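S.K.: Next comes the sequence, and after it the predicted model I'd like to discuss.
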Amino acid sequence: MKNEAIFNGRVKIFALIAFILFLGELGQIHSQPSLISLAPFPADLRSDLSSFAINGYGYVGVGIVESTMYSSNDFWKYDPFTNSWSQIANVPINLCMSIGFSIGGLGYLTGGISHPAPFLNRITFEYNPTTNTWANKALFPLNALIAGSVSVWNGIAYVGTGDRYQVPAYSSEFYAYDPVTDTWSLKAPIPILSDYCFSFVADNKIYFGGGNDTFNVKLFEYDPVLDSWSQKNNLPFVNPNLGFNYATGFSLSNGGYIFGGRGYNLPGLSENFLHKYNHLNDTWSLLYTGGVSSPPYYGNNIYSPAIFVVNDIPYITQGVSGGNNYYNDLVAFTNLTSTTESDYSNESCKVNSISNNNCSVYLPKKYIQGKIIIYSFKGELIDTFDLHSGWNDLNINNLKSGIYLFKIFDKNSIIFSGKVAALQQN
């Protein structure tokens, strides 16, 4: 377990160094994903948090506080632009093991339980970032939803698995929540009976897998149009000592991913593995293996973290190691969906990180001239520069430290796009 006094004394130095590394990573294109440490979660160490993302910001909160083993009601907002956290309005009740999702610029929490008194929550809470308030919405249909899973498709949240806090503990009932009508509707039964499953969306299909009840390596695909389930190929690595219990899923523009996990037979073992599901051919790719010599979490593998996605970048925080050590690190995979050129005769565009308003951009020699447009993380226009072939030195005034988006054009066609970071040291 971490010594918080030592950690807090070093956090500013670690955060600054990590953020500089993160900025450097964002300005380049890599063949393998990199996991970079950012500003740590500022509140108590905890597990079983909930998270969602709204309008370019990540939101994380509630959960079981390690020092008291009581559930909490605080919630926090992460700004990727400034790499900083701020506290928002508290959830009306203490919660842990609830599920979080966002639709239409609003955040939602439902299910969960309150510790130490076992109050089972059925209320769906809606968070409005404009008014910084929580509102009560429709009750979840069952008596309890503890450690369930959710994915959002086409403005509807699809919720299943989880512990019902009764005998039998698990149910195959699968529900869809429509925030426009504030109603829950029953769908085709989910084939998994477990809690702590992962879920993600890929190509208009929803996937559920993993779980905590047994060593579950099965993956199921849900078609929301046909309201039907089909079984897909099993998850990779069938060694029960390193399984997918407590693994966490997330969705990016190019498909679904799962991160972390814990062994079923040997729960003291956990992992930092990142897998991508290739939905076109029903296969898995191992993208990142972590390990004791690799960041993040200072070399510790974790399970059951909180994950939110902003501008196609997954951010991961909290989590527990197999040895029941808690961590409040925040990390991000920087290049899972980077856009690259298709054919540049071994040359490619390059955009270096912005340092003290200065940025170097390389336009391949096959292009006589071009243009780069820089946007804020929220999509606001920052500046436009004309480019010539070769290296271009740009001066971008009045730019704050943070992450920016860019597009490079050849005449009227986009030839390259991605993310770049700025660090102002003056």
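M.R.: On my side now, so go ahead.
S.K.: show me where pLDDT drops low in the stretch 101-250 of the chain?
M.R.: Within the stretch 101-250 of the chain, the segments meeting pLDDT under 70 span 213-215, 237-244.
S.K.: Please name the nearest non-neighbouring residue to residue 225.
M.R.: residue 204 (7.7 Å; C-beta to C-beta, 6 or more residues apart in numbering). C-betas here are computed from N, CA, C, even on glycine.
S.K.: burial of the one you found, as a residue count?
M.R.: Close neighbours of residue 204, defined as other C-beta atoms under 10 Å, add up to 11.
S.K.: That one touches residue 153, doesn't it?
M.R.: Yes. Residue 204 is within contact range of residue 153, at 6.9 Å (criterion: C-beta atoms under 8 Å).
S.K.: Could you report the pLDDT at residue 413?
M.R.: Looking at residue 413, its pLDDT reads 81.
S.K.: sorry, that was for residue 317
M.R.: For residue 317, the model assigns a pLDDT of 89.
S.K.: wait, it sits on residue 331?
M.R.: Yes. Assessed by C-beta under 8 Å, residue 317 is found in contact with residue 331 at 7.5 Å.
S.K.: ok, and what's touching stretch 175-186?
M.R.: Stretch 175-186 is contacted from outside by 103-104, 106, 108, 110, 124, 126, 137-138, 140-141, 155-160, 173-174, 187, 224, using C-beta atoms under 8 Å, 6 or more residues apart in numbering.
S.K.: and the residue sitting furthest away from the middle of the chain, what is it in contact with?
M.R.: Each residue of the chain has a distance to the centre, and by C-alpha atoms, centre = their mean the biggest one is for residue 368: 39.6 Å. Taking C-beta under 8 Å, 6+ apart as the contact definition, residue 368 lies against 388, 389.
S.K.: confidence score at it?
M.R.: 80.
S.K.: ok, back up a step: tell me which of the contacts of stretch 175-186 fall in strands.
M.R.: The strands, defined by DSSP state E, take in 103, 106, 108, 110, 124, 126, 137-138, 156-160, 174, 187 from those.
S.K.: Next, work out how far apart residue 351 and residue 369 are.
M.R.: Computed with C-beta to C-beta, to the nearest Å, the distance linking residue 351 and residue 369 is 17 Å.
S.K.: Please identify which of these two sits among more neighbours.
M.R.: residue 351 (26 against 12).
S.K.: hang on, the more buried one packs against residue 418?
M.R.: Yes. With contact defined as C-beta under 8 Å, residue 351 reaches residue 418; the gap is 6.8 Å.
S.K.: right, and residue 333 touches residue 288 too?
M.R.: Yes. Residue 333 lies in contact with residue 288 (C-beta under 8 Å); the separation is 7.5 Å.
S.K.: Give me the domain ranges for this protein.
M.R.: Domains of the chain are assigned by automatic domain parsing as 32-333, 350-423.
S.K.: which of the ones you listed is buried the deepest?
M.R.: Mean neighbours per residue, mean count of other C-beta atoms under 10 Å, is largest over the domains of the chain for domain 32-333, with a mean of 19.
S.K.: what separates it from the chain centre, distance-wise?
M.R.: 9 Å (C-alpha atoms, centre = their mean, to the nearest Å).
S.K.: Where do the helices of the stretch 101-250 of the chain begin and end?
M.R.: Counting by DSSP state H, counting those that start in this stretch, the stretch 101-250 of the chain forms no helices at all.
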